[in-house]
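> Test case, fold it:
(chains A and B)
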Amino acid sequence: MPVDLFTEKIDQNKSIEPRDPMPDDYRYHLIRQISQHAHSEVIGMQPEGNWITRAPSLRSKMILLAKIQDEGGHGLYLYSAAETLGISREEMIEQLQTGKARYSNIFNYPALTWADIGAIGWLVDGAAIVNQVMLQRTSYGPYARAMVRICKEESFHQRQGYEIMAKMAAGTPEQHEMAQDALNRWWAPALMMFGPPDAESLHSKKAFQWKIKRESNDALRQKFIDKTVQQTEVIGLKIPDPGLRFNEETGHYETSPLNWDEFYRVINGNGPCNRQRIEHHKKVHAEGQWVREAAAAYAEKLRTGVLEQ
Amino acid sequence: MDTQLDLWEVFVQSKSGQPFKHAGSVHASDKQMALQNARDVYTRRGETSGLWVVRAVDIVAADLEDSEMLFDPSNEKIYRHPTFYEVPEGAKNI
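Okay, the predicted model is just below:
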């Protein structure tokens, strides 16, 4: 009976809210997906944070700080949405730190030069936007609302990245080379952010049935490719794919197959930065413990009337 | 023991005169910290004129199982709608 109510709401395109009946699998699927999304926002602060002290101007430093603060905020919106499904913040952090929960594989790559900051904003945030625009219509209410909020803020991120790339591409030959090199390294990992090809996607079937997902991995990837090729031409860079060609009939760009072995090698722990990302998260989390303890002790004093606020 | 502190729900008013809307939640140990965190997380784009935080445990929500009884639209009470009433011919501004 209660699950029928769920199916009815899904069929009518109504959003599922925290206290509504829902199948356990739906709940677990969402906890896995939303917490992974939240962890990605938070871990994604690391490759960019690495460049705050080395930003080439005060303007770019202010912008980068604001962007990274947004990413932290996006992580918090998402943790807050996941908590409505009955998992605690402590459990999610624990799952991240023990490797039980994942984050987007792309953040296992390092940001080597300033042009990488451009490529991350333009390509990584750009790919994330394509996915997140779809998720604004996902069936779980709190997740959909978090996505609306995130999408509003995200477009500045992509533009700041594109601006960096455009400036460097139009700069000295060395700067142009740096921009091209960053594009060469981030292009394939950005395309892989959409997940494995539809034929191999593990979680997709149910996600469609439940309207968590509304477009397939390959369809979203194609949208991103079509947009990005044009943007690349405008700034005079080259997509690093000799197989790239425009198909007049379909109106879409075609690309060479991606190296999924590399993807699985990295996601299973053997990328350039996997260990560093989690070690850093653990270190900072441990360093903040005294703050949480002090705050809890202060709250206890307020509660017992030893102190007044 | 590690703790992520208490859960607080956040309500934001985007313009003066508008209703407060639920925005999400934050973790904090006391009301001052809750307000500060809510400000940092939910008002970074300067579209806020009011902010409320309330401990999540203090919110009382209607039980979903009672929703039929609680939220019955009472369609049979048609006298609650203005169209139920006859207005004499020629009367204006009513």
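
> now A:Gly73, what's its secondary structure?
Under the three-state scheme (DSSP: H, G, I helix; E, B strand; the rest coil), A:Gly73 adopts helix.

> Could you report the neighbour count for it?
19 (other Cβ atoms under 10 Å in any protein chain shown). Quick note: C-beta positions are derived from backbone N, CA and C, even for glycine.

> which parts of the stretch 201-309 of chain A sit against chain B?
Counting by Cβ under 8 Å from any Cβ of the partner chain, the stretch 201-309 of chain A comes close to chain B at A:Gln289, A:Arg292, A:Glu293, A:Ala295, A:Ala296, A:Tyr298, A:Ala299, A:Leu302, A:Gln309.

> Could you pull up the residues touching the last one?
This points to A:Gln309. A:Leu302, B:Asp30, B:Lys31, B:Gln32 (Cβ atoms under 8 Å, 6 or more residues apart in numbering or on different chains).

> Looking at those residues, spot the one nearest A:Gln95.
Distance to A:Gln95 across the contacts of A:Gln309 (Cβ to Cβ) is lowest for B:Asp30, with 27.8 Å.

> And the top helix by length along chain A, what's buried?
Identified as the longest helix of chain A according to DSSP state H is helix A:141-169. Of all the residues in helix A:141-169, those buried under the rule 16 or more other Cβ atoms under 10 Å in any protein chain shown are A:141-147, A:149-150, A:153-154, A:156-158, A:160-169.

> Could you restrict those to the ones contacting chain B?
Among the buried residues of helix A:141-169, proximity to chain B is found for A:Pro142, A:Arg145, A:Ala146, A:Arg149, A:Glu153 (Cβ under 8 Å from any Cβ).

> out of these, who's nearest A:Glu41?
Minimum distance to A:Glu41 across those is 10.4 Å, recorded for A:Ala146 (Cβ to Cβ).

> Next up, the contacts around the closest one.
A:Tyr77, A:Leu78, A:Ser80, A:Ala81, B:Gly24 are the contacts of A:Ala146 under Cβ under 8 Å, 6+ apart.

> Now for these: which two are most distant?
Greatest spatial distance among the contacts of A:Ala146 (Cβ to Cβ): A:Leu78 and B:Gly24, at 9.4 Å.

> Between these two, point out the one with more neighbours.
Shown here are A:Leu78 and B:Gly24; by other Cβ under 10 Å, A:Leu78 has more neighbours (27 against 24).

> Report all helices and strands that the lowest-mean-pLDDT helix or strand in chain B contacts.
Ranking every helix and strand in chain B by mean pLDDT, DSSP states H and E puts helix B:67-70 at the bottom, with a mean of 74. Using 3 or more Cβ pairs under 8 Å, 6 or more residues apart in numbering or on different chains; DSSP states H and E as the contact test, no helix or strand touches helix B:67-70.

> In it, which residues are buried?
Within helix B:67-70, no residue qualifies as buried by neighbour count (16+ other Cβ under 10 Å).

> can you give me the strands in chain B?
B:6-13, B:21-28, B:50-55 (DSSP state E).

> Pull the contacting residues for B:Thr3.
Under the criterion of Cβ under 8 Å, 6+ apart, the contact partners of B:Thr3 comprise A:Glu90, A:Arg292, A:Glu293, A:Ala296.

> Narrow these to just the buried residues.
Buried by 16+ other Cβ under 10 Å: A:Arg292, A:Ala296, out of the contacts of B:Thr3.

> now for the contacts of B:Thr3, which pair is the farthest apart?
Distance extremes for the contacts of B:Thr3: the farthest pair is A:Glu90 and A:Glu293 at 14.0 Å, using Cβ to Cβ.

> From the contacts of A:Gln309, which land in helices?
Going by DSSP H, the helices hold A:Leu302, B:Lys31, B:Gln32 from those.

> returning to what we had before: quick one: which of the contacts of A:Gln309 has the most company?
That'd be B:Asp30 among the contacts of A:Gln309, by other Cβ under 10 Å, with 21 neighbours.

> Surely that one and A:Ala294 touch.
No: under the criterion of Cβ atoms under 8 Å, B:Asp30 makes no contact with A:Ala294, lying 11.4 Å away.

> what's the overlap in contacts for the two?
By Cβ under 8 Å, 6+ apart, B:Asp30 and A:Ala294 have no common neighbours.

> could you point out where the stretch 1-150 of chain A is predicted with low confidence?
Within the stretch 1-150 of chain A, the stretches with pLDDT under 70 are A:1-3.
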